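Asks: here's my sequence, what's the structure:
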Amino acid sequence: MVRRMFAVLAAAALAFAIVPRAEAAQGEVYVALGDSAASGPLVPDQVLPDLGCWRSDHNYAHLTAQAIGAATFRDVTCSGADTTDMYQPQRTDLGTLPPQLDALSQDTTLVTVQIGANDVGLTGFIEDCLNLLPPPVGDACNDDYVVNGQDSWRVATDALRPRLTALAGDIHARAPQARIFVVGYATYAPPNGCWPRVPIIRSDANYIRATLQYFNRMLAEQAASAGVGFIDLQTPSTGHDPCTGSGTRWIEPYIPASPAAPFHPNARGMRNFATVVTAAVSGV
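Replies: Here you go, the predicted model:
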């Protein structure tokens, strides 16, 4: 998955709240955890020393840290990360990184975590549904995920529930003073899609939309179960999906028109997500 992400990013580069009410205190010690949806691959500027993580200094966590005046900020978000990488070193094409939970400390006061998409193969899932030809020549992908009458993507999503609950508990154990917020994923497809602008046919676009809505509901439910906050990015990003114009969209399509990885937030998206996240962590 990491090599695949590296290849996709390189190609793109060449192509060019359920939220607990709490007031953000001055002097926050803020730690950002997560995957490429949080790290901001190809969004200027990519930061050292962990270039293999494709992490932007203008991702929503950096912008939120500035907005709340965090006294200490540690961003360990990394492209390709899944829940395993919270606990174990993550290998990237440009080096190996420590477990993300190692960034937590007893004095951490704020944590955002956006994770889980790679556990269920979100990137590969969307890529599998790309279809340059419409039916009947092009085949729909959604039926590939139905096995023995069960939607395998939803089965994988439900299987992730206990891991996310355990992760919230482990974050709290390492950072007992911290307010913890699970961050959801954005809107990747409007109803019926927009083939051929984004080469995903209508039935597959609706399938992607429905399964991502289910995934975000799962994240919200597990956050509530664990007693932590949930920040909804799906709702505010409606109308800013990859099918919208380059001056409107927050998520880039398969062939990006601005510096960002395919089907990942661009700089505009990160700015708007930072507004949402800042409001949530500030209790606004």
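Asks: which one is Ala71 nearest to, not counting chain neighbours?
Replies: Closest residue in space to Ala71, ignoring its immediate chain neighbours: Gly27 at 4.2 Å, by C-beta to C-beta, 6 or more residues apart in numbering. To be clear about C-beta, it is placed using only N, CA and C from the backbone, and glycine gets the same treatment.
Asks: what's around the closest residue to Pro242 other than its chain neighbours, how many residues?
Replies: Leaving out its chain neighbours, the residue that sits closest to Pro242 by C-beta to C-beta, 6+ apart is Pro253, at 3.8 Å. For Pro253, the number of neighbouring residues by other C-beta atoms under 10 Å comes to 21.
Asks: using the three-state scheme, assign Pro253.
Replies: coil (DSSP: H, G, I helix; E, B strand; the rest coil).
Asks: show me what contacts it?
Replies: By C-beta atoms under 8 Å, 6 or more residues apart in numbering, the contact set of Pro253 is Arg197, Val198, Pro242, Cys243, Pro262, Phe263.
Asks: circling back to that earlier point, let me see the contact set for the residue nearest to Ala71.
Replies: With contact set as C-beta under 8 Å, 6+ apart, Gly27 has these partners: Gly69, Ala70, Ala71, Thr109.
Asks: now the buried members of those.
Replies: Ala70, Thr109 (16 or more other C-beta atoms under 10 Å).
Asks: out of the contacts of Gly27, which comes closest to Gly269?
Replies: Ranked by distance to Gly269 (C-beta to C-beta), the contacts of Gly27 are led by Ala70 at 21.2 Å.
Asks: element containing the closest residue to Ala226 other than its chain neighbours?
Replies: Nearest in space to Ala226, with sequence neighbours left out and distances taken as C-beta to C-beta, 6+ apart, is Ala168 at 3.6 Å. Using DSSP states H and E, Ala168 sits in helix 161-174.
Asks: okay, the angle between whatever helix or strand comes next after that helix and helix 161-174?
Replies: Heading C-terminal from helix 161-174, the first helix or strand you meet, by DSSP H and E, is strand 179-183. Here strand 179-183 points in a direction 150 degrees away from that of helix 161-174 (axes from the mean of the first three to the mean of the last three C-alpha atoms, to 10 degrees).
Asks: thinking again about what came up before, please report how far the residue nearest to Ala71 lies from Ala65.
Replies: From Gly27 over to Ala65 the distance is 12 Å, taken as C-beta to C-beta, to the nearest Å.
Asks: next: Ala189.
Replies: The gap separating Ala189 from Ala65 is 30 Å, by C-beta to C-beta.
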